[in-house]
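Visitor: No sequence on hand, only this structure:
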């Protein structure tokens, strides 16, 4: 399935590159820029300390590198992010810069979700930029143990659309397989790339109006193959796949989902799904990270899918079976209209 | 900004977003009306009604006669919970 054309092609996608300290984010970014993305990419680097080491690694390769230092982008520097992005927009306007994307490299301890919220919440930023993909550098050398030991790592990976295994050439194939399985448990929606710079560049280069496509591709596989429901991983992370052959009205679903996320969004790491609404004769893709919801994507189908509607929830500290039961009640309530769906 | 009502421009609620340019205005108004109707149906036991407005999203009307503006669905839930109303939790009906 392919997302239909976005209605705002002039909005530049802002991709967030996240990952724990020492996971190889800057190296990965450098390789992607050197591979041909540098001329039309602006890079914003968030460094927690004042030394500015990442700037040293990246500056010679990118067309424009802006550094936000001395703070964490998700905590104390959100206003700075707005200012920095508007500087990028001003430079683009002033110099006719053929900019196609912005990549924000977060510090190793940052949560990417507040960055996404900033892109939506600021009145100026949202007229020029939109949320792109969240990329997470997964250190193959550190292995699955790091995922168990570092909660912020789990949050970064759970928010990712694309997980890139870095340092994959330094470990055995069996270790890579173990890590791949661990990544899929934390985030079955993420597309996993094994140090594949070309594939990553291709994703970033064709991102103009496609939205969060990799996750929808993963959703196809989940819906077709079936994933373990409610599988615990560590830090209380679980996921569940809900499949329904019966269609659902879009406004009914939207009210239910926004109510659910409003109350429990801090424990719902990811939401992804495709809904079929016969009243609108449309399949609508839904993609959320905690309480942040990307604009719904109206999907054009290459072929009829094997499922009617499919939803995936990744939760942390919340039994996803409760969501499944609530969704089942919603379906029943739609069949027999009631006052309050719950 | 509208000089008559002071609205700050067209608000796009999440569920109305993502439509193509050709269908943008007509669809968005229909989607907004459909969402408002669904919210009004959900909130009928509390005698709360929701209307769609092209400039500021939703207008929430309370039984006492008061009204409040919400830019989107998330804001609707936020303002209703802020008033301490008994809106059901999907996970704890």
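Guide: Arrived safely. All values reported here derive from a predicted model rather than from experimental measurement.

Visitor: ranges for the helices of the chain?
Guide: Picking chain A for this. Under the criterion DSSP state H, chain A contains helices at A:25-32, A:53-58, A:78-95, A:113-121, A:143-149, A:151-158, A:173-186, A:197-205, A:213-225, A:250-264, A:320-335.

Visitor: look at chain B instead
Guide: Applying DSSP H to chain B gives helices spanning B:24-42, B:73-82.

Visitor: Provide the count of other residues in contact range of residue 32.
Guide: In the absence of a named chain, chain A is used. By other CB atoms under 10 Å in any protein chain shown, 26 other residues sit near residue A:32. Where C-beta positions appear, they are placed from N, C-alpha and C, glycine not excepted.

Visitor: I was thinking of chain B, sorry if that wasn't clear
Guide: Count around residue B:32 with other CB under 10 Å applied: 23.

Visitor: Please apply the same query to residue A:191.
Guide: Around residue A:191 there are 21 residues (other CB under 10 Å).

Visitor: And for residue A:113?
Guide: By other CB under 10 Å, the burial measure for residue A:113, its neighbour count, is 23.

Visitor: Name all residues that make contact with it.
Guide: Going by CB atoms under 8 Å, 6 or more residues apart in numbering or on different chains, residue A:113 touches A:74, A:155, A:159, A:289-290, A:292.

Visitor: if we go to 10 Å?
Guide: Residue A:113 is in contact with A:16, A:18, A:74, A:134, A:155-156, A:158-159, A:265-266, A:269, A:289-292, counting by CB atoms under 10 Å, 6 or more residues apart in numbering or on different chains.

Visitor: Which pLDDT value does the model give it?
Guide: Residue A:113 carries a pLDDT value of 87.

Visitor: how close does the residue nearest to it when sequence neighbours are not counted sit to residue A:96?
Guide: Excluding the flanking residues, the one nearest residue A:113 by CB to CB, 6 or more residues apart in numbering or on different chains is residue A:290, at 5.0 Å. Separation of residue A:290 from residue A:96 (CB to CB, to the nearest Å): 37 Å.

Visitor: Between those two, which has more neighbouring residues?
Guide: Set residue A:290 next to residue A:96 and count neighbours by other CB under 10 Å: residue A:290 wins out with 24 against 8.

Visitor: per-residue pLDDT, that one?
Guide: Note on residue A:290: pLDDT of 90.

Visitor: ok, it - contacts?
Guide: A:111-114, A:116-117, A:155, A:158-159, A:261, A:264-271, A:316.

Visitor: Settle this for me: residue A:182 is touching residue A:157, isn't it.
Guide: Yes - counting by CB atoms under 10 Å, residue A:157 is a contact partner of residue A:182 at 9.2 Å.

Visitor: intersection of neighbour lists for those two?
Guide: Common contact partners of residue A:182 and residue A:157 (CB under 10 Å, 6+ apart): A:138, A:147.

Visitor: residue contacts, the residue most central in space within chain B?
Guide: The residue lying closest to the centre of chain B (CA atoms, centre = their mean) is residue B:58, at 3.0 Å. The contact partners of residue B:58, taken as CB under 10 Å, 6+ apart, are B:11, B:13, B:32, B:35-36, B:39, B:50-52, B:68-73, B:75-76, B:79.
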